[in-house]
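J.: give the three-dimensional model of this entry:
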Amino acid sequence: MYNTLLIIQYISILFLLVETGYIFAKWRTTLHGYLFLNCAATLVNNTGYLMEMQAHTQEAYMMGLQMSYLGRVWIPFSLLLFVLALCKIKANKGTIAVLCLIHTVTFLLVLTSQWQPFYYSSMEYVHDGLFPYIKCSHGIWHNFYSALLVAYIVFGITKMLQAFRKEKNIAARKRLLCILVAVAVESGFYIVQLTGITGSYDITVLGYSISTIFMYIAIFKYDLLNMLQLAKDYVIDEVAEGIIAVNTAG
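T.: Sure thing, here's the model as predicted:
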């Protein structure tokens, strides 16, 4: 089982490297930037967790955990920004700034978790799982942060469902559906992780790997990064003046 999960982890990192590089090469809009940030954050998270899986000392595991969280805290934040941009929802700058601060504080608390009890109230290095890991009890900030992420999930999926119902273009609906499934997969695995039933293995990492497949479909099959289509969508939705389209014959 351990070797299977290890192989999945390596494959997911490879796929994320390709996806992140491709999005960076196509980066032209804010929407692309949010998607790039999400893929890069997921790549850092999965790499950090690979370090955790292969660690043989508490110090090595903590290094992997800290690297993992360097990406992990920005996955939900960047995904929220991406969903807002995709659904054409204008976010309040003050709210975004506060949320950004919360995610930054979360990372700093994880970084210093050995010296304060706010994110992890207790930590113990144990050997009773698929691999040695640090067994943690959740602190008050962890509970607050988890509740915030659940709120993200409810808000994001609700807005995407609304956008999907309103969208008339078939190709755009397929893109939205792929992204909706990707978000739902990540969210579902996160909810399962919160229950604690997966023990030493963080199943959210597997969720990220599966959601990457649906993002690949949205990007490569349904042309998520198509600049011409994005420009058309913007013109139709944002320009106040009337528009008349004609063919080459007038």
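
J.: how close does residue 199 get to residue 126?
T.: 10 Å (CB to CB, to the nearest Å). C-beta coordinates here come from the backbone N, C-alpha and C atoms, glycine included.

J.: quick one: buried residues of the helix or strand hosting residue 50?
T.: Taking DSSP states H and E as the criterion, residue 50 maps to helix 30-54. For helix 30-54, burial by neighbour count (16 or more other CB atoms under 10 Å) applies to 31-53.

J.: give the other helices and strands that that helix contacts.
T.: With contacts taken as 3 or more CB pairs under 8 Å, 6 or more residues apart in numbering; DSSP states H and E, helix 30-54 sits against helix 2-26, helix 58-72, helix 74-86, helix 204-216.

J.: and it, average pLDDT?
T.: Averaged over helix 30-54, pLDDT sits at 90.

J.: same question for stretch 69-79.
T.: Per-residue pLDDT over stretch 69-79 has a mean of 92.

J.: and that stretch, end to end?
T.: Start-to-end span of stretch 69-79 (CA to CA, to the nearest Å) is 16 Å.

J.: need the three-state assignment for residue 118.
T.: When classified by DSSP: H, G, I helix; E, B strand; the rest coil, residue 118 comes out as coil.

J.: so what's the spatially closest residue to it that is not a sequence neighbour up against?
T.: Nearest residue to residue 118, sequence neighbours excluded (CB to CB, 6 or more residues apart in numbering): residue 141, at 4.3 Å. Contacts for residue 141 (CB atoms under 8 Å, 6 or more residues apart in numbering) come out as 105, 106, 109, 118, 119.

J.: mind giving me the PyMOL command for buried ones among those?
T.: Selection of buried members from the contacts of residue 141 for PyMOL, criterion 16+ other CB under 10 Å:
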select buried, resi 106+109+118+119
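
J.: need the contacts of residue 141 in JSON lines with distance to residue 89 and pLDDT, can you?
T.: Below are the contacts of residue 141 laid out as JSON lines (distance: CB to CB, whole Å; pLDDT from 0 to 100):
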{"residue": "105", "distance to residue 89": "25", "pLDDT": "95"}
{"residue": "106", "distance to residue 89": "24", "pLDDT": "95"}
{"residue": "109", "distance to residue 89": "29", "pLDDT": "94"}
{"residue": "118", "distance to residue 89": "32", "pLDDT": "93"}
{"residue": "119", "distance to residue 89": "30", "pLDDT": "91"}
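
J.: which one among the contacts of residue 141 gets closest to residue 24?
T.: residue 106 (25.8 Å; CB to CB).

J.: now that closest one: which helix or strand?
T.: Element membership of residue 106 [criterion: DSSP H and E] is helix 93-111.

J.: quick one: whichever helix or strand comes after that helix to helix 58-72, angle?
T.: Moving toward the C-terminus from helix 93-111, the next helix or strand (DSSP H and E) is strand 120-126. Calculated by axes from the mean of the first three to the mean of the last three CA atoms, to 10 degrees, strand 120-126 forms an angle of 130 degrees with helix 58-72.

J.: does anything pack onto strand 120-126? Which helices or strands?
T.: Using 3+ CB pairs under 8 Å, 6+ apart, strand 120-126 is in contact with strand 133-138.

J.: what's the mean pLDDT across stretch 91-98?
T.: On average, stretch 91-98 scores 91.
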